[in-house]
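J.: turn this into a model:
(chains A and B)
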Amino acid sequence: MRTETRSEQFQSSSLIGGLLRKLHVDIPLFIGLVLVCAISFLILYSAGGQDSGILIRQATRIGVAFVLMIALAHVNPNQFHRHSAMLYVLGVLLLIAVLVVGQIGKGAQRWLDLGFMRFQPSEMIKITTPMMIAWFLSGYALPPKAKQLFIAAILIVIPTVLIAKQPDLGTSLLVASSGAAVLFFAGLSWRFMIATTVVLASLTPVLWHFMRDYQRGRVLTFLDPEADPMGKGYHIIQSKIAIGSGGVHGKGWLGSTQSELDFLPESSTDFIFAVFAEEFGLSGCLGLLALYLLIICRCLYIAVQAQDSYSRLLAGSLTFTFFVYLFVNIGMVIGVLPVVGVPLPLVSYGGTSMVTLLASFGILMSIHTHRKFLPT
Amino acid sequence: MLRHNSMRNPLAENRMFLSRVVAVFIFMVLLLLGLITRLVYLQVVGHEHYATMAKSNRIKVIPLPPTRGIIYDRQGKILAENIPSYSLELIPEQIKDLDGTLLRLQQLLTIPDEKIAQFLKQKKRSKRFASIPLLLRLSDEEVAKFAVVRPYFPGVDVHARLLRHYPYGLLTSHVVGYVGRINEKELKTLPVSEYRGTHHVGKIGIEKTYESYLHGKTGLSEIETNAQGRAVKKVASDNPEPGANLYLTLDIELQKTAYEALEGFNGALVAIEVKTGDVLAFVSRPGFDPNPFVYGISSKAYKALQQSEDRPMFNRALRGQYPPGSTVKPFFGLAGLEYNVVDFHQKLYCPGYYQLPNVKHKYRDWKKWGHGMVDLNDAITQSCDVYFYDLARTLGIDRMHEFMQKFGFGEKTGIDLVGEKAGLMPSRVWKKKARRQPWYPGETLIAGIGQGFMQVTPVQLARATATLANRGKVVLPHVVGRIINSNFTTVESEHKVETINLKSENIDDVVSAMTNVIHGARGTARRLKKGVNYQIAGKTGTAQVFTVKQEETYNEDEIDIKLRDHALFMTFAPANNPQIAVAVIVENGGHGGSVAAPMAGKIMKQFLMPENNVTTEELTVAN
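T.: The predicted structure is shown next:
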């Protein structure tokens, strides 16, 4: 920890470093994010058929997201704390609004049309749910009592169910896990967790009953992709061929044949990791995973350094959500998890997840850069 | 920030949080190791297996497009079918020298430059490995010519494809519609996996409305290919499911008669079976040949269609909005009886014009010297305008709007064809919203004779006529009767039918007046009664295209043909037991009675007295 502080002092002496610190930007985290975004550009160029238009669109989104991140980093964490409940309630109301509007339209409805932009309340709730739970639990002594756990569970279930009804299984899982992560960091007893796991496992048949046909299909496909090689299993088989044919060293940048020949669907969005694995091989994959792990380490460090339990719980949960993104996406692309629509964080083409992720990094930076150096 | 400080132990909480972070970190690392294990398994252990699959012997999943459903008329005659056709297709990925290949092909098969340009345009939008057609509808001779030199053209092949064909061409273009190449916009909205391998999609008409039924389910075949991309062997396949066949309610013989009856004019005719809402004929003239749209119409031909003054691409029956003229009189007459503002036998003096109190403007009757004393029967039979000016004034626009809306005026009929227009039944609310103006009393008067703001589409007028013939039971027009999918099950469509609450004697009165239009001594469509063994009820209409000034008279022979009045006719028969309702609109046709009515008469005669008919097939046999 001491070396860390020294390195920060060293960086603050340089001009750019000083500017970034004034902007409340955490430099190690910032560098990590920039590196991942750079990798994203490389892969998108290849996966998108070497179309520079796709890069420009993605660059615009990243630009907007970075501005939002820096803006949030500027906000004092006390402000987040103060407005947690209000933001959560707003998010839930918007989710209800989406469902109501969605019933008027048809099929899956995830966004509200504000006229000048489309807005997905489910993205906002990914951050406001852990904020709410962290705010609620941090008001009491930790670890939480049964009554507080019960209320917290309800607070998690409400947005989860609302999003699952849209239907958007991937996002609802992310929201549930971000809330559950807060509970875990708050000191939920291990015995309780094991008991819950058992109960949830026994509830699986009930969940199955409530799933949509296409969601069931995805689970079945996951369990046995070869059963339907031309239909739903197509994604996974092609993705495995792409990754496997990459080998240890990969086919080189722009050398991917699977996505190039259009065997691999969704190669710029959810399945972009397959293109990466094909072109950069196992060595590249290990490098990318290491980079992600470094970002996670820095975030956990920020969580540990945080000075009040609200910040700590929130930072821990946001970090965990980032990991869930990463794990679920890669797990799905390499065929160990069912296909749920979760993008590879910061790399997949698309704006909404990018904005939410960088917003949560902005909150982490805010937590870190607004610490008061108390004598301990 | 902390509500229960006293109970807290910050040090213990700190320690607990740290231990939780460590636990989460270990958990994450373990999961990541799991992912890495899987990656090693795929990329190191399975590398060779997957590399072969990806490269030398790659398994191609080839979509097997389904056969599009056939469209029949109500007698089972084919209106849209699939005929085999050869196309010359190129796979750019497998061609080293594309420009050279194109040049040599051009010399071999004399391909116009336009086709080459079209091909290059499509190539830009497609993936490199995709097979892109250069020439469609090859003749046998061309196929043979290419077959000889095929080995010298790697990546070029002749494919047999099914192409949509419309045997009745311009007769059915505005009902059946056509399919065309899937464009970029459609590519975004169509389900990708279902349209892998399908090149055409319904663009208008039944082909578009029933796209999901007609298309069928795409099958897939897994094929092992060699390095050149040619199929080596089939591994597995999942057969496509052909699209559903549609049986239309349309009768192609009636359709033909109707189209021919409109000869020399632009216009529309819609015939509906009264009891069922089956659309028997749906004509918009001129039509156009839909077949070139299937295999790619040349830009020159398309431009010609677009720029033609007769606007053949415009579906007049569905989208043409015309002032209904006097054809609305039976409806307003019925409204007057229903609202008890007139008695059927109550007489009014028609001096040839009508004036609002204290207003100088004269609302004129079409008959300069007037009709004299008229009751509702005379007013409908002779189409007296003054009677209806007065009736409209007593009814008022609010009640007129309320009543007409029940018959579907100002609303889409909901017919199963896309792009329908709603027409317009004006009201105070509408005028305030659309024009930001109050409603003026004079506008009520001209609305009473179907002029002014009011607009109807031919299908709307036919539907309202059928509803009247059906004694207030609302008729929902539809073109598709039965949908029979590949496992021979019929998809039945349910129609919820409402009934307008009308007094039976009022309907009888109006129908008798409408019958006098044809069978009465002074009826405006007297000539229709010749040679029929049933009674016809109807109403003629003449709709002004331009306004005649107060001091001028309208002289048909002196004005430009494009400014001549539209001729309209709405009718149903037999009057005592209605079977068929027809609406005709003839653009710039002049008079409803002399021009539009005989067209409807032909259709009704053919439908109600089939023993007199000679079908086209019998004619060809006789010849």
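J.: and the top helix by length along chain B, how far out from the chain middle?
T.: Determined from DSSP state H, the single longest helix within chain B is helix B:10-40. With CA atoms, centre = their mean, to the nearest Å as the basis, helix B:10-40 stands 62 Å off its chain's centre.
J.: try stretch B:195-203
T.: The chain centre lies 19 Å from the centre of stretch B:195-203; the measure is CA atoms, centre = their mean.
J.: mind saving the C-alpha coords of it as PDB?
T.: Presented in PDB, the C-alpha positions along stretch B:195-203 are these (Å, rounded to 0.1, in the frame of the first residue of the first chain):
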ATOM      1  CA  TYR B 195     -34.700 -15.500 -44.300                       C
ATOM      2  CA  ARG B 196     -31.200 -17.100 -44.700                       C
ATOM      3  CA  GLY B 197     -31.400 -18.300 -48.300                       C
ATOM      4  CA  THR B 198     -34.600 -16.400 -49.200                       C
ATOM      5  CA  HIS B 199     -34.100 -13.600 -51.700                       C
ATOM      6  CA  HIS B 200     -37.600 -12.300 -52.100                       C
ATOM      7  CA  VAL B 201     -40.200 -10.900 -49.800                       C
ATOM      8  CA  GLY B 202     -43.700  -9.700 -50.300                       C
ATOM      9  CA  LYS B 203     -43.700  -6.000 -51.100                       C
END
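J.: looking at it now, give me its mean pLDDT.
T.: Averaging pLDDT along stretch B:195-203 yields 84.
J.: related to what we said a few turns ago, mind listing what's buried along the longest helix of chain B?
T.: B:13-14, B:16-17, B:20-21, B:24-25, B:28, B:31-32, B:35, B:38-40 (16 or more other CB atoms under 10 Å in any protein chain shown). Where you see a C-beta, it was placed from the backbone N, CA and C, and this is true even at glycine.
J.: same deal with stretch A:34-49?
T.: A:V36, A:C37, A:I39, A:S40, A:L42, A:I43, A:L44, A:Y45, A:S46, A:A47, A:G48.
J.: roughly how far is that stretch from the heart of the chain?
T.: 18 Å.
J.: what mean pLDDT does that stretch get?
T.: 89.
J.: hey, where'd the helices end up in the stretch 451-600 of chain B?
T.: Using DSSP state H, counting those that start in this stretch, the helices of the stretch 451-600 of chain B run over B:458-469, B:504-519, B:597-608.
J.: pick the most deeply packed of these.
T.: helix B:458-469 (a mean of 30; mean count of other CB atoms under 10 Å in any protein chain shown).
J.: re earlier: in CSV: the helices of the stretch 451-600 of chain B, plus mean pLDDT and distance to chain A.
T.: Below are the helices of the stretch 451-600 of chain B laid out as CSV (pLDDT from 0 to 100; distance: least, CB to the nearest CB, whole Å):
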stretch, mean pLDDT, distance to chain A
helix B:458-469, 95, 26
helix B:504-519, 92, 39
helix B:597-608, 91, 39
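J.: can I get those helices in TSV with distance to A:V157?
T.: Output for the helices of the stretch 451-600 of chain B, formatted as TSV (distance: least, CB to CB, whole Å):
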stretch	distance to A:V157
helix B:458-469	51
helix B:504-519	61
helix B:597-608	64
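J.: so what sits opposite B:A573 in the bridge?
T.: B:I580 (DSSP bridges).
J.: closest to A:T129 out of the buried residues of stretch A:34-49?
T.: A:V36 (24.4 Å; CB to CB).
J.: extract the C-alpha set from the helix or strand hosting the closest one and format it as CSV.
T.: Assessed by DSSP states H and E, A:V36 sits inside helix A:27-47. Extracted in CSV, the C-alpha atoms of helix A:27-47 (Å, rounded to 0.1, in the frame of the first residue of the first chain):
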residue,chain,number,x,y,z
ILE,A,27,-5.0,6.8,-13.0
PRO,A,28,-4.3,3.1,-12.8
LEU,A,29,-8.0,2.3,-13.4
PHE,A,30,-8.1,4.9,-16.2
ILE,A,31,-5.1,3.3,-18.0
GLY,A,32,-6.6,-0.1,-17.7
LEU,A,33,-9.9,1.0,-19.2
VAL,A,34,-8.2,2.8,-22.1
LEU,A,35,-6.2,-0.3,-22.9
VAL,A,36,-9.4,-2.5,-23.0
CYS,A,37,-11.1,0.1,-25.3
ALA,A,38,-8.0,0.1,-27.6
ILE,A,39,-8.3,-3.7,-27.9
SER,A,40,-12.0,-3.2,-28.6
PHE,A,41,-11.2,-1.0,-31.5
LEU,A,42,-8.7,-3.6,-33.0
ILE,A,43,-11.2,-6.4,-32.8
LEU,A,44,-14.2,-4.4,-34.0
TYR,A,45,-12.3,-3.3,-37.0
SER,A,46,-11.7,-7.0,-37.9
ALA,A,47,-15.1,-8.4,-36.8
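J.: pull the residues that contact that helix.
T.: Applying CB atoms under 8 Å, 6 or more residues apart in numbering or on different chains, the external contacts of helix A:27-47 come out as A:8, A:11, A:17, A:20-21, A:51-52, A:54-55, A:58-59, A:62, A:253-254, A:256, A:259, A:267-268, A:272, A:275-276, A:279, A:288, A:291-292, A:294-295, A:298-299, A:302, A:345-349, A:358, A:361, A:364-365, A:368.
J.: what about burial for those, which qualify?
T.: Buried subset of these (neighbour count, 16+ other CB under 10 Å): A:17, A:20-21, A:54-55, A:58, A:62, A:256, A:259, A:267-268, A:272, A:275-276, A:279, A:288, A:292, A:295, A:298-299, A:302, A:345-349, A:358, A:361, A:364-365, A:368.
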